[in-house]
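Colleague: Sequence first, then the predicted structure, then my questions.
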Amino acid sequence: SANSIYGAIGDDSDTNRYMAFRAGNVGIGTIDPGRKLDVKGAVQFSVNTSTHETFVFTTQSANDAKQIMKNASSVDTIVLNTGGYSWLNGGNVGIGDTNPDTKLHVSGNVKVGSAASSTWSTNNHDLGGLDVFVGSGSHALQLWDDNYQTRPRFEVQRDGHVWAGQNMQFYEDNTTSTAPFNITGSSNANNFFVPNTYGSGNVNETYRHCYNINAAHHWVLFRGGGGNTVFNTYAFISGEHYQDISVWSVTMYYSDLKIKIIQNTGNDKSIWVAGNTFNNNVYNLNWRIMPVEPCTIEHTPSSSQSTGYMIHHASGGEQFTGTAAFTSGTGPTTY
């Protein structure tokens, strides 16, 4: 009949038949082949040398497919595993390229990330060369350096914030480019760009600690107020010698703010402010710091400098305050 075994190789026991032929199918290790070639058990292909396993088809565990490709030294070089680890450990891999020159060479767009398979990302696969779709966690992209393992050198967070070291710098090496920030005739070691940084809190006649900064010079814009009180002061704060401090400011005429700079004997500064508010009311105050050199900034810090201080009174128009020897201590606590 159509289901009869037309031929078999083995002994008279069905379980020991090594090869069976049924209905045009060939079975190895089975007497009931369901495909043109049906093999029950691991398969080894020795293509050139009879003792060398070139290809192995087996399972990782029951019914989990596993394919192994070995190099000339019989080392597992390519392993494809449905129930365990898979890896490629030989040569370069090209996707869309027939001559890859790196470990992974992709010619075409790449879509990665925890949300790369989501339905909303389907229509966005042609946006750029590398598209990252994030669906979980707080980080979208991180760049790590083996020489600095504390945190990434560069990071893009899911909320859009970008972090790059302690300061972001763009060095100019190409004087023929027309790209933004292209500078000619300048030492590229001195060309840098530090984005401004924003802090917020409140103000009244009690000095509040706004920020710490370890730069010799920086700009800051104070804005805030409420009710019958408005603050708007733009200041340049400087101090880099043993006891030098100077402040230049431009203030709107209805604004009355005092800036207290507490400094050590170097560049480290703590910036405090107090305002002449109506009935000593507490109002919102924002400050935007614009450094002119690489530095470390800490907003609303818990610690402060304490060696010496100077107070600058910004009360409408242009003012300048400077000293070659600051006053010892931390100064007054109120306006």
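Modeller: That came in fine, so what should we check first? Numbering: from 1, shown residues only.
Colleague: for the residue lying closest to D131 once chain neighbours are set aside, helix, strand, or coil?
Modeller: Closest residue to D131 apart from its sequence neighbours, by CB to CB, 6 or more residues apart in numbering: K111 at 4.9 Å. Glycine gets a C-beta too; all of them are placed from N, C-alpha and C. The assignment at K111 comes out as strand when based on DSSP: H, G, I helix; E, B strand; the rest coil.
Colleague: Could I get the pLDDT score of K111?
Modeller: K111 is assigned a pLDDT of 81 by the prediction.
Colleague: got the contact list for the residue most central in space within the chain?
Modeller: Nearest residue to the geometric centre of the chain (CA atoms, centre = their mean): E155, 1.6 Å. Neighbour list for E155: H139, L141, Q142, L143, V162, W163, A164 [criterion: CB atoms under 8 Å, 6 or more residues apart in numbering].
Colleague: May I see the residues you listed organised as TSV, with distance to T119 and pLDDT added?
Modeller: Shown next, in TSV, are those (distance: CB to CB, whole Å; pLDDT from 0 to 100):
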residue	distance to T119	pLDDT
H139	23	82
L141	22	86
Q142	26	86
L143	29	87
V162	28	75
W163	30	74
A164	33	70
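Colleague: Just the ones in strands from those, please.
Modeller: Counting by DSSP state E, those place H139, L141, Q142, L143, V162, W163, A164 in strands.
Colleague: if I pick the fourth one, what's in contact with it?
Modeller: Translated: L143. Neighbour list for L143: P152, R153, F154, E155 [criterion: CB under 8 Å, 6+ apart].
Colleague: mind redoing it with 10 Å?
Modeller: P152, R153, F154, E155, V156, A164 (CB atoms under 10 Å, 6 or more residues apart in numbering).
Colleague: quick one: V132 from R208, how far?
Modeller: With distances taken as CB to CB, to the nearest Å, V132 is found 40 Å from R208.
Colleague: now swap in Q60 and tell me
Modeller: Relative to R208, Q60 is positioned 63 Å away (CB to CB).
Colleague: Those two: which is more packed in?
Modeller: R208 (17 against 14; other CB atoms under 10 Å).
Colleague: For the more buried one, report the pLDDT, please.
Modeller: Reported pLDDT for R208: 97.
Colleague: Just confirm it contacts W272, I think it does.
Modeller: Yes: the criterion here is CB atoms under 10 Å, and R208 meets it with W272 at 6.4 Å.
Colleague: okay, and the common contacts of these two?
Modeller: K260.
Colleague: quick revisit: show me the beta-bridge partners of the residue nearest to the centre of the chain.
Modeller: Beta-bridge partners of E155, counted by DSSP bridges, are Q142, W163.
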